[in-house]
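[1] after the sequence you'll find the predicted model.
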Amino acid sequence: MITKEMMIKNILKNKCPNCSKGKIFNETNIYLNFRRPKMNNRCSNCGFNYQKEPGFFFGAMYVSYGLAVAQGILTYLIASQFFSERFDLRIIWIIALVLILLSSFNMRISRILWIYLFKEYRN
Ligand SMILES: [Zn+2]
């Protein structure tokens, strides 16, 4: 039985939703890695199929979008504390920079979250 804490840990550690041992992305660093992502098709440990069907990760874009919006709002809320005006246009550049820096992480974590969302689904 996998607890919620273990599941969150596995998601952040890029581990297979089925056995918690195999890796989803081949790279060790999924956080600030701007190299081309190398995703495994199946778990190296239990053979769990990550890509359920062709175009399965299309839906992960919605997760990625949601994450980017949340990160953008959060960045705005933090950055606006350092400016006297409420809508200083310089904040847009800060948000853009933060989102560019987080883009590689968002791309990977959105796919991992998508795999975890549909881990019970078998085709
Ligand atoms: Zn596995």
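    Thanks, I have the structure now.

[2] pLDDT below threshold where in this structure?
    123 (pLDDT under 70).

[3] close to the ion: what parts of the protein are there?
    Residues of the chain that fall close to the ion, judged by C-beta under 5 Å from the ion: 16, 18-19, 22, 43, 45-46, 48. C-beta: built from backbone N, CA, C; applies to glycine.

[4] list the contacts for the residue nearest the centre of the chain?
    Per C-alpha atoms, centre = their mean, the C-alpha nearest to the average position across the chain is that of Ile109, at 1.5 Å. Contact partners of Ile109, counting by C-beta atoms under 8 Å, 6 or more residues apart in numbering, are 11-12, 30, 67.

[5] then Leu12?
    With C-beta under 8 Å, 6+ apart, Leu12 has these contacts: Ile109.

[6] also Ser20?
    When contacts are counted by C-beta under 8 Å, 6+ apart, Ser20 touches 2, 6, 10.

[7] now rank the residues of the chain next to the ion by neighbours and give me the top one.
    Neighbour tally across the residues of the chain next to the ion (other C-beta atoms under 10 Å): the maximum, 24 neighbours, falls on Cys16.

[8] isn't it up against Phe48?
    Yes: Cys16 is in contact with Phe48 according to C-beta atoms under 8 Å; the separation is 5.5 Å.

[9] overlap in contacts, these two.
    Gly22.

[10] quick revisit: pipe the contacts of Ser20 into TSV and attach neighbour count and secondary structure per row.
    TSV is the format used below for the contacts of Ser20 (neighbours: other C-beta atoms under 10 Å; DSSP: H, G, I helix; E, B strand; the rest coil):
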residue	neighbour count	secondary structure
Ile2	11	coil
Met6	12	helix
Asn10	19	helix
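
[11] just give me the closest of those residues to the ion.
    Nearest to the ion out of the contacts of Ser20 is Asn10 (C-beta to the ion; 10.2 Å).
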